[in-house]
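Asker: Make a model of this:
(chains A and B)
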Protein chains: 2
Amino acid sequence: MSVHIGRDQYQLAWDRDIDPIATVASGDTVEFDALDASCGQITATSTVADLEVLDFDRVDQVHGPIAVDGADPGDTLQVDLLDFQPADWGWTAAIPGFGLLTDDFPDAALRITRLGNGFGEFLPGVLIPLAPFCGVLGVAPPDPGPHSTIPPDLFGGNMDTRHLTAGTTLFLPVFAPGARFSLGDGHAAQGDGEVCGTAIETPMRIQVRLTVRKDLHLAAPEFETAGPLATATNIGPYHATDGIGPDLMEAARDAVRRMIDYLGRVHGLAAVDAYLLCSVACDLKISEIVDAPNWIVTAYCPLAVFN
Amino acid sequence: MSVHIGRDQYQLAWDRDIDPIATVASGDTVEFDALDASCGQITATSTVADLEVLDFDRVDQVHGPIAVDGADPGDTLQVDLLDFQPADWGWTAAIPGFGLLTDDFPDAALRITRLGNGFGEFLPGVLIPLAPFCGVLGVAPPDPGPHSTIPPDLFGGNMDTRHLTAGTTLFLPVFAPGARFSLGDGHAAQGDGEVCGTAIETPMRIQVRLTVRKDLHLAAPEFETAGPLATATNIGPYHATDGIGPDLMEAARDAVRRMIDYLGRVHGLAAVDAYLLCSVACDLKISEIVDAPNWIVTAYCPLAVFN
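Answerer: Alright, predicted model coming up:
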């Protein structure tokens, strides 16, 4: 059996007491026709003026919830990520007050990217291979009452994890009867970290299979990929920049600042364009987290995007 | 021209006033025969008793320094990483008071791994593909006096960055006349993060080319890889575990704890063995660092090590 969830079937909060909009059996598939994370406020013809009047109370809506028969608190919901089909456009933005380097980039910026043939031409000559996924995948939270959809938590939610692409199996701990699964926040491409706060945001058609696992008890989300990571971008050299110091957050900021410097110095990008490119294509790795008192976060840019 | 640095030619501190043991021209290659990071205290026949009497003042010795003619403060030292040849054995340890989960693993543990044919059999049936590099690569620091070799800093040092393998080009900012380059800390294999504080530590023969770059001015280390990342391990599925919360360090701890739980639950590993395996084979990525107040650090285990 397959259930279809439309683009107008969403919630603006996580709340375990919101009634399911559909109920499926364990093992059923669900298709979603999901709006982008702006809940349709940003379109393919938007400008930065539209960003400046964005209603934040409508951002990161979640499509659902779907109850799964037999799911009980303590079980695990297995979510097989079957298919992600982005629209033919997406948007990426620097939003004042949001993002890793919001103090460095106080002004709003918006970039619309045309998507097609497996790529997005993010900037002239900069082609991002698409690797679509959902930023938001979650179940009803353990605590009652409404919860913002912006932060992720142990029930999943806005995990913005780029390797949750088609073929990956996600495992979410169940906290409410029926699990009450929702998703949203289509991303056509993103780097580890999503440093500016947005990916290539896009409306998306999604298909997942929901299965109750009585044999598995987890404290937090886990997942298993179907194969190697980042196969679309990990095809050639990377340039990497280090942030080094006693605070991981500040080290991450420094690593991204130095990548922005490199992207300007070598590839001629304007600083804000480089910042947005870091968010959609560059990966943050923790290189070392043990050589006290200094840790290293490294930003990696796949140079394939310039070919 | 090529200079050879022997295993007894090392320093136990970074100090810009230590006289160079050799001087080379820009573009020369240097060969090192480097002791392992214990400075020879751990051998292929060591037991945990040897670890318990380890003299920490002799740990992470750095072989050098090598002056490069014409290098001035403000220049960049380009280090072409030409070749890394590990010995036929290596060691991995949990050292009390050191490592990401030292509070969870208060007891010393030592594992000796035989290396050969491009693999180390880390545990019965657990084969780690070798991807050798040096944990320590650095130049003389900007400030006078002796500095510990344990923490990395803007001059490089103990960066423990697994992607600094052969073919990669490292760029280090120069702070002292002649740059005064040193290296050490041979690693046969390591994951991003080096979470237990040690990799597969091994004596190593190393070849690098040192070139002064007058045209490049950097604030911190950068590097460029020759091709895709992690080609030896990124060949199949990964299992991934999330740490989620408002502190990146605690999120990293949680992610690794959950990976240790997975490795016990599914692969039957003892907790301390799983901890050491995380250090030599699992990667820490920052999945998202923008969805305030909760960030996600994810630990990725390449399942190829179990094949």
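Asker: residues from the stretch 1-150 of chain A in reach of chain B?
Answerer: Near chain B, the residues belonging to the stretch 1-150 of chain A are A:98-100, A:150 when assessed by C-beta under 8 Å from any C-beta of the partner chain. Quick note: C-beta positions are derived from backbone N, CA and C, even for glycine.
Asker: In those residues, which residue is surrounded by the most others?
Answerer: A:Leu100 (26 neighbours; other C-beta atoms under 10 Å in any protein chain shown).
Asker: so what's that one closest to, chain neighbours aside?
Answerer: Distance criterion C-beta to C-beta, 6 or more residues apart in numbering or on different chains; nearest residue to A:Leu100, sequence neighbours excluded, is A:Val195 at 4.4 Å.
Asker: Likewise for A:Ala176?
Answerer: A:Ala176's closest residue in space is A:Ala140 (C-beta to C-beta, 6+ apart), at 3.8 Å.
Asker: residues touching that neighbour, list them.
Answerer: Taking C-beta atoms under 8 Å, 6 or more residues apart in numbering or on different chains as the criterion, A:Ala140 is in contact with A:14-16, A:18, A:65, A:155, A:175-176, A:178-180.
Asker: of those, closest to B:Val305?
Answerer: Of all the contacts of A:Ala140, the one sitting nearest B:Val305 is A:Phe155; the distance, using C-beta to C-beta, is 30.3 Å.
Asker: Tell me how many other residues surround the nearest residue to the closest one once chain neighbours are set aside.
Answerer: If the residues on either side of it in the chain are set aside, A:Phe155 comes closest to A:Pro141, at 4.7 Å by C-beta to C-beta, 6+ apart. Around A:Pro141 there are 21 other residues, counting by other C-beta under 10 Å.
Asker: swap in A:Asn117?
Answerer: Taking other C-beta under 10 Å as the neighbour definition, A:Asn117 ends up with a count of 7.
Asker: Tell me the predicted confidence for it.
Answerer: Looking at A:Asn117, its pLDDT is 95.
Asker: I'd like the distance between the residue nearest to A:Phe155 and B:Ala87.
Answerer: Separation of A:Pro141 from B:Ala87 (C-beta to C-beta, to the nearest Å): 52 Å.
Asker: hey, where'd the strands end up in the stretch 1-150 of chain A?
Answerer: Using DSSP state E, counting those that start in this stretch, the strands found in the stretch 1-150 of chain A span residues A:2-5, A:10-11, A:22-24, A:28-34, A:62-68, A:76-86, A:89-94, A:109-116, A:119-123, A:126-129, A:133-138.
Asker: Pick the most buried one from the ones you listed.
Answerer: strand A:133-138 (a mean of 28; mean count of other C-beta atoms under 10 Å in any protein chain shown).
Asker: helices or strands up against that strand?
Answerer: Using 3 or more C-beta pairs under 8 Å, 6 or more residues apart in numbering or on different chains; DSSP states H and E as the contact criterion, the neighbours of strand A:133-138 among helices and strands are strand A:76-86, strand A:156-158, strand A:169-173, strand A:181-187.
Asker: repeat that with 10 Å
Answerer: Contact analysis of strand A:133-138 by 3 or more C-beta pairs under 10 Å, 6 or more residues apart in numbering or on different chains; DSSP states H and E lists strand A:28-34, strand A:62-68, strand A:76-86, strand A:156-158, strand A:169-173, strand A:181-187, strand A:204-213 as its packing neighbours.
Asker: tell me the average confidence for that strand?
Answerer: In this model, strand A:133-138 has a mean pLDDT of 98.
Asker: cool, stretch A:270-289 as well?
Answerer: Along stretch A:270-289, the predicted confidence averages to a pLDDT of 98.
Asker: near chain B at all, it?
Answerer: Yes. Against chain B, stretch A:270-289 shows contacts by C-beta under 10 Å from any C-beta of the partner chain at A:279, A:283-289.
Asker: Tell me how far that stretch lies from the chain's centre.
Answerer: Per C-alpha atoms, centre = their mean, to the nearest Å, the displacement of stretch A:270-289 from the mean C-alpha position of its chain is 14 Å.
Asker: Tell me, how many residues neighbour A:Glu201?
Answerer: Applying other C-beta under 10 Å, we find 24 residues neighbouring A:Glu201.
Asker: ok now do it, which residues does it touch?
Answerer: Going by C-beta atoms under 10 Å, 6 or more residues apart in numbering or on different chains, A:Glu201 touches A:36-38, A:42, A:86, A:89-93, A:113, A:135, A:185-188, A:190, A:280.
Asker: Low-confidence regions, chain A specifically.
Answerer: Low-confidence segments of chain A (pLDDT under 70): A:1.
Asker: Residue for residue, what is the longest helix it has?
Answerer: helix A:248-267 (DSSP state H).
Asker: quick one: buried residues of whichever helix or strand comes after that helix?
Answerer: Toward the C-terminal end, the helix or strand that comes next after helix A:248-267 (DSSP states H and E) is helix A:271-281. By neighbour count, with 16 or more other C-beta atoms under 10 Å in any protein chain shown as the criterion, the buried positions of helix A:271-281 are A:272-281.
Asker: Next secondary structure after helix A:271-281?
Answerer: Going down the chain from helix A:271-281, the next helix or strand is strand A:283-288, by DSSP H and E.
Asker: Okay, angle between that next one and helix A:248-267 too, please.
Answerer: If you take axes from the mean of the first three to the mean of the last three C-alpha atoms, to 10 degrees, strand A:283-288 sits at 120 degrees to helix A:248-267.
Asker: who does strand A:283-288 touch, helix- and strand-wise?
Answerer: Contact analysis of strand A:283-288 by 3+ C-beta pairs under 10 Å, 6+ apart lists strand A:238-245, helix A:248-267, strand A:295-302, helix B:248-267, strand B:283-288, strand B:295-302 as its packing neighbours.
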